[in-house]
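Engineer: Task: produce atomic coordinates for the following.
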Amino acid sequence: MKRSRVRRLAVMLSGLCLVFPLPMGWTDPVLDGLIVTNGDFRKWDAEKPADWTVPAGVSVARNERGGISFTNNTDQRQYVGQSYPGPKLVLQKGDVLFWAADITATEKSSVTLEIWIRYVDESVGKREIGIPVSADGKCHDLRCTLPVENEKIKHVWFLIGLRTPGSSCVVRRVEGRVIPAAE
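Structural biologist: Residues are numbered from 1 along each chain as shown. As a prediction, this is how the structure comes out:
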């Protein structure tokens, strides 16, 4: 579906919202650009944040300040994140994938923020990595952007990478968005 059709649909839906208000908190990820869900970690499924993929070997704990600790208890690199089918995102060439998080890392360069793309032909496209620059005990606002260069996207991943065995971080907030191409 072309972006102009999506925008027309958004205008029609916003008109309907005046007549039939939507429940609070409802958003359409394609229309408002927001992709990553449960970015404040308020919702939980048992012992892990809802809507997040947490691999075996990564421990998760909540702290008193609303942050979430992730610790890699394996001898391999691990990733915590969310993934989305490309067709669901209605991405087009020139759009930008944006990913940000407030992270405190325990060691310099032990934690990364990453965006990965896999194309329909199964090739892994570009990936972008943002690395914490310091392990000073302070919370850092990390950002990572990746322009979409090909519309034939099969899958997109937004990842927090625990690069080294024993690496850990505290994450307070995350946000993943599609920033539409300038027309």
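Engineer: just how off-centre is the top strand by length along the chain within its chain?
Structural biologist: Taking DSSP state E as the criterion, the chain has its longest strand at strand 168-179. Relative to its chain's centre, strand 168-179 lies at 6 Å (Cα atoms, centre = their mean, to the nearest Å).
Engineer: same for it, what does it pack against?
Structural biologist: Counting contacts by 3 or more Cβ pairs under 8 Å, 6 or more residues apart in numbering; DSSP states H and E, strand 168-179 is packed against strand 68-72, strand 96-105, strand 153-162. Just so you know, the C-beta spots here come from the backbone N, C-alpha and C atoms, and that holds for glycine as well.
Engineer: now the angle between strand 96-105 and the last one, please.
Structural biologist: So the one you mean is strand 153-162. Counting by axes from the mean of the first three to the mean of the last three Cα atoms, to 10 degrees, strand 153-162 lies at 10 degrees to strand 96-105.
Engineer: before we move on, the earlier item: let me see the mean pLDDT of the longest strand of the chain.
Structural biologist: Per-region confidence: strand 168-179 scores 93 on mean pLDDT.
Engineer: And that strand, what's buried?
Structural biologist: The neighbour-count check on strand 168-179 (16 or more other Cβ atoms under 10 Å) flags 168-178 as buried.
Engineer: and Asp141, bridged to which residues?
Structural biologist: Asp102 (DSSP bridges).
Engineer: quick one: it and Leu113 touch, right?
Structural biologist: No - judged on Cβ atoms under 8 Å, Asp141 makes no contact with Leu113 at a distance of 10.4 Å.
Engineer: Report the set of residues contacting both of the two.
Structural biologist: By the contact definition Cβ atoms under 8 Å, 6 or more residues apart in numbering, Asp141 and Leu113 are jointly contacted by 100-101.
Engineer: Please say which of the two ends up with more neighbours.
Structural biologist: Leu113 (23 against 10; other Cβ atoms under 10 Å).
Engineer: do you know how far the more buried one is from Phe98?
Structural biologist: Here the criterion is Cβ to Cβ, to the nearest Å. By it, Leu113 lies 11 Å from Phe98.
Engineer: any common contacting residues for those two?
Structural biologist: With Cβ under 8 Å, 6+ apart, Leu113 and Phe98 have common neighbours 143-144.
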